[in-house]
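J.: coords below, sequence missing:
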């Protein structure tokens, strides 16, 4: 198992001085808006036992910690935090996507990205850093400042920084408001210091800015890009892995972009025709 357990454990020992496993479980319960009774019913334990665990009067077993964490929809990274705070070894590894143990998942992602062409698709992690992208996404990076393309390439910064794609986005206020809504919901349920700093830098409210996207008559809010003298309208969907047991797989998502009208579809479909007419 290739992961830095010792460094991870040392960091969590420092955190556990401040937060016991009971305190951490209580924090997660509050984030999910559940009472002790709600959690006890969902986990099929007594409300009294939940109370004893949260107050530190009962030491939960690792299975009990994970049982409660499962009902609280705690991410795998934070389940490891809970286990360490309770004095137990973490259960979930964090590997690189290139690790042989993740070959099947890596291959599945590549197939999804390829199958989505000629439309763009990207893979990003919990901090919105781009992990992978298909060929259809690459042309959008042609005019991006090299500073923004140094790893890790952050999707939020790429989309909102004037040196990135911001100059191509016609409806910047809508796109920024969508980002703000998504990230604020993410931080409300899964706090992260680095993502919080990015939010404060790029997504904090500005005077006179619309607080929410202006949906108009659209079924979904498109991103409108001005490219090659025409406007492309795109909407996106998100795909995640079901029942992951690795932190890396738990934290990544695939965002697939689709044309929102016939004109935008025709722009991308021309690349298919170009491939067919090219050399074999």
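T.: Ah, there it is. Values in this document were obtained by computation on a predicted structure and should not be read as measured data. Numbers count the residues shown, from 1 in each chain.

J.: After the helix or strand of the chain with the lowest mean pLDDT, which helix or strand is next? Please name it.
T.: Using mean pLDDT, DSSP states H and E, the weakest-scoring helix or strand in the chain turns out to be helix 5-18, at a mean of 43. Using DSSP states H and E, the next helix or strand after helix 5-18 towards the C-terminus is helix 21-31.

J.: For that next one, name the packing helices and strands.
T.: Under the contact definition 3 or more C-beta pairs under 8 Å, 6 or more residues apart in numbering; DSSP states H and E, helix 21-31 sits against helix 47-55, helix 62-71, helix 76-85. C-beta: built from backbone N, CA, C; applies to glycine.

J.: Contacts for it next, please.
T.: Helix 21-31 has contacts (C-beta atoms under 8 Å, 6 or more residues apart in numbering) with 19, 35-36, 39, 53-56, 60, 65, 68-69, 72, 74, 78, 81-82, 85-86, 188-189.

J.: Please check these and keep the buried ones.
T.: 19, 36, 39, 53-54, 60, 65, 68-69, 72, 74, 78, 81-82, 85-86 (16 or more other C-beta atoms under 10 Å).

J.: Just give the number of residues close to the residue nearest to residue 88 when sequence neighbours are not counted.
T.: Excluding its sequence neighbours, the residue lying closest to residue 88 (C-beta to C-beta, 6 or more residues apart in numbering) is residue 62, at 4.4 Å. As a burial measure, residue 62 scores 17 neighbours (other C-beta atoms under 10 Å).

J.: Where do the strands of the stretch 51-200 of the chain begin and end?
T.: 121-124, 130-133 (DSSP state E, counting those that start in this stretch).

J.: JSON lines for those strands, including distance to residue 153 and mean pLDDT?
T.: Output for the strands of the stretch 51-200 of the chain, formatted as JSON lines (distance: least, C-beta to C-beta, whole Å; pLDDT from 0 to 100):
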{"stretch": "strand 121-124", "distance to residue 153": "9", "mean pLDDT": "98"}
{"stretch": "strand 130-133", "distance to residue 153": "5", "mean pLDDT": "97"}
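
J.: so which of the ones you listed gets nearest residue 238?
T.: strand 121-124 (9.8 Å; C-beta to C-beta).

J.: Enumerate every residue touching the residue nearest to residue 88.
T.: Here residue 62 is in contact with 83, 86, 88, 91 (criterion: C-beta under 8 Å, 6+ apart).

J.: Just the buried ones among those, please.
T.: Neighbour-count burial (16+ other C-beta under 10 Å) applied to these gives 83, 86, 88.

J.: Make a markdown table out of these and add distance to residue 224 and pLDDT.
T.: Putting the buried ones among the contacts of residue 62 into a markdown table (distance: C-beta to C-beta, whole Å; pLDDT from 0 to 100) gives the following:
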| residue | distance to residue 224 | pLDDT |
| --- | --- | --- |
| 83 | 46 | 98 |
| 86 | 49 | 97 |
| 88 | 50 | 98 |
